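Colleague: Based on what follows, work out the 3D shape:
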Amino acid sequence: MKKFGLAIAILFAGCAKDIQNKDAVRQGVMDYLNARQQQTGLNMAAMDVDVSSIQFENGQAVATVSFQPKNGGGGAMQMNYTLERKGGKWEVKGRSSTPGKSHGSEGMPQTPAPAQPQGGAVPPDHPPVKK
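Modeller: Modelled structure (predicted):
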C-alpha cells in the first residue's frame, strides 16, 4: 500500500503546473494591473503587453514587461516586475526600474515631478512669482 501512495504522490508532483514561462508571468502582471485599473485609470484592453525577459529563481521571477498602445498612439514603455509564485500562478510583489530591485507595488510608473530649483530660487530668466 505504501508503494501505491508513493506512486500517487510522484504522479501528482509530476503533474504540477509548470508556470515558469512568459504566458504565466504575463497573466500575473495583467491580473495585477487589471485589479488596479480604478487607481491607475489605464485600460489594459487597449494595450499590447509583452514580456521581453524573465529571470526565475527560488519561487520568484523578475520580468521586464513592455507596454504599447494598440492603436499605435503614444510611446512604448518598459517596467520591471518582481513576482512570487503563489500556488499555480504568479503574483506581483512590486515593480522597479532595475531588475531584481523591487520598490513597492505601484502598477505603472508615475510621471516624475518637475525638478525644483535649490533653495527655492527660480532661474534668472523666470517671470516673477507671487507668494
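Colleague: Which residue ranges of this protein form helices?
Modeller: 2-14, 22-35, 37-40 (DSSP state H).
Colleague: hey, where'd the strands end up in the chain?
Modeller: Along the chain, counting by DSSP state E, strands occupy 47-57, 60-69, 77-86, 89-96.
Colleague: now the second one against strand 77-86, angle please.
Modeller: Looking back up the chat, that one is strand 60-69. 140 degrees (axes from the mean of the first three to the mean of the last three C-alpha atoms, to 10 degrees).
Colleague: I'd like to know which elements strand 60-69 is packed against.
Modeller: In terms of contacts (3 or more C-beta pairs under 8 Å, 6 or more residues apart in numbering; DSSP states H and E), strand 60-69 is packed against helix 22-35, strand 47-57, strand 77-86. Backbone N, C-alpha and C define where each C-beta goes, glycine included.
Colleague: Quick one: closest of these to Lys93.
Modeller: strand 77-86 (4.8 Å; C-beta to C-beta).
Colleague: what would the strands of the chain look like in CSV with mean neighbour count and mean pLDDT?
Modeller: Rendered in CSV, the data for those read as follows (neighbours: other C-beta atoms under 10 Å; pLDDT from 0 to 100):
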stretch, mean neighbour count, mean pLDDT
strand 47-57, 14, 94
strand 60-69, 18, 94
strand 77-86, 18, 95
strand 89-96, 19, 92
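Colleague: I'd like the ones you listed as TSV, with distance to Ala35 appended.
Modeller: Shown next, in TSV, are these (distance: least, C-beta to C-beta, whole Å):
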stretch	distance to Ala35
strand 47-57	15
strand 60-69	16
strand 77-86	14
strand 89-96	9
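Colleague: coming back round to it: out of the helices and strands packed on strand 60-69, which is closest to Lys70?
Modeller: Using C-beta to C-beta, the nearest of the helices and strands packed on strand 60-69 to Lys70 is strand 47-57, at 5.5 Å.
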